[in-house]
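[1] Model the structure of this input:
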Amino acid sequence: MKKAIDIPNAPKPVGSYSQAILKNDTLYISGQIPLNPSTQDLEIGSIEEATEQVMRNIESLLKAADMSLNDVLKCSIFLKDMNDFAAVNKIYSSYFHGTFPARETVQVAKLPLDVPIEISCIAAK
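    A predicted model of the protein is given here:
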């Protein structure tokens, strides 16, 4: 049986999807954008600020499923501009300790609400 993880301290979905789905001991986190869950405002002053907000949103969803960043197995990073890769990688890397998750990073033409970054991930206990 799958269970939707829908928490107040992560941005409300901007489409027809769940913030995250927990099935058995695996959590599938939908793409998170730099939307501040408290204000529902975008935090995109800089790519670093946007990446920090996305990672905080992911942490909130993991915590709701009684998991942490240590449980993340794979991330998918979608960038509006691949020139932001080094800045994003620096912030992203600071959130993980030990073995990094598997990952791909791709440049895309457009993201929801025209944000510069979106990250999805899969975690398991």
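[2] strands paired with the lowest-mean-pLDDT helix or strand in the chain, and their directions?
    Least confident element among the helices and strands of the chain, by mean pLDDT, DSSP states H and E: strand 2-5 (a mean of 89). According to DSSP bridges, strand 2-5 forms sheet pairs with strand 20-23 (antiparallel).
[3] pLDDT below threshold where in this structure?
    9-11 (pLDDT under 70).
[4] residue boundaries of the helices in it?
    For the chain, the helices defined by DSSP state H occupy 47-64, 85-94.
[5] could you redo the ones you listed as JSON lines and give each row mean neighbour count and distance to residue 6?
    All C-beta atoms are positioned from the backbone trio N, CA, C, and that covers glycine. Listed next are these as JSON lines, based on neighbours: other C-beta atoms under 10 Å; distance: least, C-beta to C-beta, whole Å:
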{"stretch": "helix 47-64", "mean neighbour count": "20", "distance to residue 6": "8"}
{"stretch": "helix 85-94", "mean neighbour count": "15", "distance to residue 6": "24"}
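[6] what would these look like in TSV with distance to residue 123?
    Below are the helices of the chain laid out as TSV (distance: least, C-beta to C-beta, whole Å):
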stretch	distance to residue 123
helix 47-64	6
helix 85-94	15
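[7] Among those helices, which comes closest to residue 112?
    helix 47-64 (12.2 Å; C-beta to C-beta).
[8] who does that closest one touch, helix- and strand-wise?
    strand 26-32, helix 85-94, strand 117-124 (3 or more C-beta pairs under 8 Å, 6 or more residues apart in numbering; DSSP states H and E).
[9] mind putting these in TSV, distance to residue 43 included?
    Output for the helices and strands packed on helix 47-64, formatted as TSV (distance: least, C-beta to C-beta, whole Å):
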stretch	distance to residue 43
strand 26-32	12
helix 85-94	12
strand 117-124	11
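[10] Which of those sits closest to residue 102?
    strand 117-124 (9.0 Å).
[11] what angle separates the closest one from helix 47-64?
    Here the directions of strand 117-124 and helix 47-64 differ by 30 degrees (axes from the mean of the first three to the mean of the last three C-alpha atoms, to 10 degrees).
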